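pasting the structure only:
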């Protein structure tokens, strides 16, 4: 209880609505789809991705790109299955913040239209990071391997 406010929680025997049960699952799947599709696009355009990294002076780009693809794949798999969801979401959160700041430094771009385009990507990535933090804090929801043999925690 903070400053006299006691947030409502589910009480014993109180049922969750269908949307409360399904929304975390669908949210995890959408985030997993995003990271998997980005990973496949980056891998499919390996040389172009390395060139983009080189323009940002990223050292050891091939090694970091391989590591990035591994992080994206494993994190997305954790979200997709709801297995070690909080760990996967935290990994993807940290990855998203670091990559966004390094690769989408819109504040350094002089051309207004290029700056606006890069800002859009920056803002999208920060919003995705926010969604990942929700998963870290709230958990995977009812339909997840993390909940096998347990009652849903709130």
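Good, I have the coordinates. All figures in this text were calculated on a predicted structure; none of them were measured in a lab.

Let me see the ranges of the helices in this protein.
Using DSSP state H, the helices of the chain run over residues 18-44, 46-55, 61-81, 85-103, 112-138.

Please identify which of the ones you listed is closest to residue 146.
In terms of C-beta to C-beta, the element of the helices of the chain nearest to residue 146 is helix 85-103, at 5.4 Å. In this view, the C-beta of every residue, glycine as well, is placed from N, C-alpha and C.

helices or strands up against that closest one?
Secondary-structure packing of helix 85-103 (3 or more C-beta pairs under 8 Å, 6 or more residues apart in numbering; DSSP states H and E): helix 18-44, helix 61-81, helix 112-138.

what's the angle between that helix and helix 18-44?
Angle of helix 85-103 versus helix 18-44, following axes from the mean of the first three to the mean of the last three C-alpha atoms, to 10 degrees, is 50 degrees.

Pass me the low-pLDDT residue ranges in the protein, would you?
For the chain, the stretches flagged by pLDDT under 70 are 1-14, 150-154.

Pull up the distance across stretch 55-67, start to finish.
Terminal residues of stretch 55-67 are spaced 19 Å apart (C-alpha to C-alpha, to the nearest Å).

Can you give the distance of it from its chain's centre?
20 Å (C-alpha atoms, centre = their mean, to the nearest Å).

Turn the helices of the chain into JSON lines, columns for mean neighbour count and distance to residue 147.
Output for the helices of the chain, formatted as JSON lines (neighbours: other C-beta atoms under 10 Å; distance: least, C-beta to C-beta, whole Å):
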{"stretch": "helix 18-44", "mean neighbour count": "15", "distance to residue 147": "11"}
{"stretch": "helix 46-55", "mean neighbour count": "13", "distance to residue 147": "36"}
{"stretch": "helix 61-81", "mean neighbour count": "18", "distance to residue 147": "12"}
{"stretch": "helix 85-103", "mean neighbour count": "18", "distance to residue 147": "10"}
{"stretch": "helix 112-138", "mean neighbour count": "14", "distance to residue 147": "13"}
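
contact partners of stretch 32-48?
Residues from elsewhere that reach stretch 32-48 (C-beta atoms under 8 Å, 6 or more residues apart in numbering): 49, 65, 68-69, 72-73, 75-77, 79-80, 92, 128.

Dihedrals phi and psi, residue 57?
phi 60, psi 40 (degrees, to the nearest 10).

Share the number of residues neighbouring it, please.
Neighbour count of residue 57, defined by other C-beta atoms under 10 Å: 8.
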